[in-house]
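Chemist: requesting a structural model of the entry that follows:
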Amino acid sequence: MARLQYADPNDASVRELVERIIAERGSMLHLYQMLSHSAPIAEGWLALMTAVRQTSALTGKLRELVIMRIAMLSNSTKRIS
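Modeler: Now for the predicted structure:
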């Protein structure tokens, strides 16, 4: 459960970004809905993840292992209660 309300994807200030995310990702995941509280942060995240997932030279399997390893090293796998 999110501690903050998800941003409204129908808000005019983020509508263009929401449409771009849906066009590129197929749907508006909760992650992007939360990030859209700040359009510049959401845009930066979208650019970074597009580079990591679509333009890196790593194979798909190795890329996913790197993503999981970074998540473990940064303690992002800890559950917040």
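
Chemist: from here on, just use CA atoms for contacts and neighbour counts.
Modeler: Noted.

Chemist: and for the longest helix anywhere in the chain, what's in contact with it?
Modeler: Ordering each helix of the chain by length in residues (DSSP state H) puts helix 39-54 first. With contact meaning CA atoms under 8 Å, 6 or more residues apart in numbering, helix 39-54 is reached by 14, 17, 21, 32, 35-36, 63.

Chemist: stretch 21-35 now?
Modeler: By CA under 8 Å, 6+ apart, the list of residues contacting stretch 21-35 reads 5-9, 18, 41-42, 46.

Chemist: picking up where we left off before, just the buried residues of the contacts of helix 39-54.
Modeler: Among these, those that count as buried by neighbour count (16 or more other CA atoms under 10 Å) are 14, 17, 21, 32, 35-36.

Chemist: can I get the contacts of helix 39-54 in a markdown table including pLDDT, secondary structure and distance to Leu73?
Modeler: Formatted as a markdown table, the contacts of helix 39-54 follow (pLDDT from 0 to 100; DSSP: H, G, I helix; E, B strand; the rest coil; distance: CA to CA, whole Å):
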| residue | pLDDT | secondary structure | distance to Leu73 |
| --- | --- | --- | --- |
| Val14 | 87 | coil | 32 |
| Leu17 | 90 | helix | 30 |
| Ile21 | 89 | helix | 28 |
| Tyr32 | 90 | helix | 23 |
| Leu35 | 91 | helix | 22 |
| Ser36 | 90 | coil | 26 |
| Arg63 | 87 | helix | 15 |
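
Chemist: mind putting the residues you listed in CSV, distance to Arg69 included?
Modeler: What follows is the contacts of helix 39-54, written out as CSV (distance: CA to CA, whole Å):
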residue, distance to Arg69
Val14, 32
Leu17, 29
Ile21, 26
Tyr32, 22
Leu35, 23
Ser36, 26
Arg63, 10
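
Chemist: quick check, nearest of the residues you listed to Asn75?
Modeler: Arg63 (18.5 Å; CA to CA).

Chemist: now the closest one: how far from Ala7?
Modeler: Counting by CA to CA, to the nearest Å, the gap from Arg63 to Ala7 is 30 Å.

Chemist: same check, this time on Leu48
Modeler: From Leu48 across to Ala7, the span is 21 Å (CA to CA).

Chemist: name the residue in these two with the higher neighbour count.
Modeler: Ala7 (16 against 12; other CA atoms under 10 Å).
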